[in-house]
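> Give me a 3D structure for the following:
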Amino acid sequence: MALNYIWSGFFIVGFVAALLQWLFLGDNEIFKKIIDGTFESARAGVMDIALPLAGVMTLWLGIMNIGEKAGAVGWLARVIAPFFSRIFPDVPKDHPATGHMVMNFSANLLGLDNAATPFGLKAMESLQTLNPQKDTASNAQIMFLVLHTSGLTLIPLAIMAQRAILGAANPADIFIPCMIATYVATVTGIIAVSLRQGINLLNRVVLGWLGGITAAIVALVCYFTIFLTKQEIELVSKVASNLILFSIIIIFIVGAMRKGENVYEAFIEGAKGGITTSLTVIPYLVGMLVAISVIRNSGVLGFIVAGLDWVFVQLGMHTEFTPALPTALMKPLSGSGSKAMMIDAMQTYGVDSFVGRLACIFQGSADTTFYIVALYFGSVGIRKTRYAISCGLIADFAGIVAAILVAYMFFG
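Predicted structure coming up:
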């Protein structure tokens, strides 16, 4: 029901906003802009996302099947089981879904979007086998999706690269702020879902794992900032990320060969599901992308930002951050849209300005909640999302607030 109201609401709100602009601002092109945007979004959903995804899915589902034959996915599941059994109590300790989720989170941490999506879709498919109500999101699927939408990434490589292209004095200066903001979003997402599901996080295992992860992230941040230059940070992140990913492929292949498996046949067996999955998600993707396009092209975000700016002024608060808000507001809706707004903020206000840097931190603080809901739940036919979207947006909001605070702390 949530998606039903949200999807319909996007169209209605977009129409009202466009009508107001036509009546009071004399914008005679607004409706054409919206309709053109719907056609372009429908085309992009199929040609730029679903079809390229088919190739990536075919490759990585084949690799994943090799990993399962090698026993590597099961080994990952056993290692992480003590922690995951607390936050995913409905998932058996040795279930393959645990290994698939670990692979997805690992790829996200490394900023490897192309690998993270197939791993994530495979994890959602595995969790669906445990779901008694196939059209309704299970507790485990909601926890997984919210953790994924919080967008925990160690190194925001794409953002740093874009800053370098635009001539930033230090492209990597947003590295630590992005890390802090996205970590706050992730922990908030865990807490929000746990409260809804009655999961007790105040136990030794969960606190130990979260404490260990926090310590590891702090140590990595300290290493990057103290011992490496900005050029070395970018070089290490590029080499390490891809080296780790390629090493995983080799480990899977060697492990499967040692167990006497036919590696090529295992790859083909797993790869067959890539095309099917990609075709399955097309209606969900197109529907959500078109609705998001209506919101973007109707000027709704501009109205919201202007309203928030007025509210902050009335409250006597600083408003230096409001020009960067379009990036934050667009991020849950569209990754490409928020990236375009991030670039526009850097070009308009300066790549090293407070607004330019804050827009980059917004971009790195969370993931595209509505897109991920449409893609992941759509891939397994889930229509009733329950509280997945609300908890995902709570995590996004926490990331936005954290981004503003750390931007003032580092650059204000």
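> Low-confidence stretches in the stretch 201-350 of the chain?
Low-confidence segments of the stretch 201-350 of the chain (pLDDT under 70): 230, 234, 237-238, 241.
> Which parts of it are helices?
For the stretch 201-350 of the chain, the helices defined by DSSP state H, counting those that start in this stretch cover 204-227, 230-258, 263-271, 273-297, 300-314, 325-330, 335-349.
> can you list contacts of the shortest one?
By CB atoms under 8 Å, 6 or more residues apart in numbering, the residues outside helix 325-330 that reach it are 296, 301-302, 304-305, 308, 337-338, 341-342, 345, 359, 362-363, 365, 400, 403. Glycine gets a C-beta too; all of them are placed from N, C-alpha and C.
> check contacts around the closest residue in space to residue 184 that isn't next to it in sequence.
Nearest residue to residue 184, sequence neighbours excluded (CB to CB, 6 or more residues apart in numbering): residue 402, at 3.9 Å. Counting by CB under 8 Å, 6+ apart, residue 402 makes contact with 180-181, 184-185, 365.
> Quick check: the farthest pair among the residues you listed?
Greatest spatial distance among the contacts of residue 402 (CB to CB): 180 and 185, at 9.9 Å.
> if you count what's nearby, which of these two comes out ahead?
Neighbours were counted for residue 180 and for residue 185 using other CB atoms under 10 Å; residue 185 has more, 30 against 21.
> On the three-state scheme, that one is what?
Counting by DSSP: H, G, I helix; E, B strand; the rest coil, the backbone at residue 185 sits in helix.
> picking up where we left off before, and the residue nearest to residue 184, what element?
Here residue 402 sits within helix 388-411, counting by DSSP states H and E.
> Give me the buried stretch members for that helix, please.
388-389, 391-407, 410-411 (16 or more other CB atoms under 10 Å).
> cool, stretch 82-102 as well?
83-84, 86-88, 90-91, 95-102.
> list the contacts for residue 368?
Neighbours of residue 368 in contact, by CB under 8 Å, 6+ apart: 149, 331-335, 338.
> Name the member of those residues with the most neighbours.
Busiest of the contacts of residue 368 [other CB under 10 Å] is residue 149, holding 28 neighbours.
> contacting residues around the closest residue to residue 185 other than its chain neighbours?
In space, and not counting its chain neighbours, residue 185 is closest to residue 399: 3.3 Å by CB to CB, 6+ apart. Under the criterion of CB under 8 Å, 6+ apart, the neighbours of residue 399 are 150-151, 181-182, 184-185, 188, 365-366.
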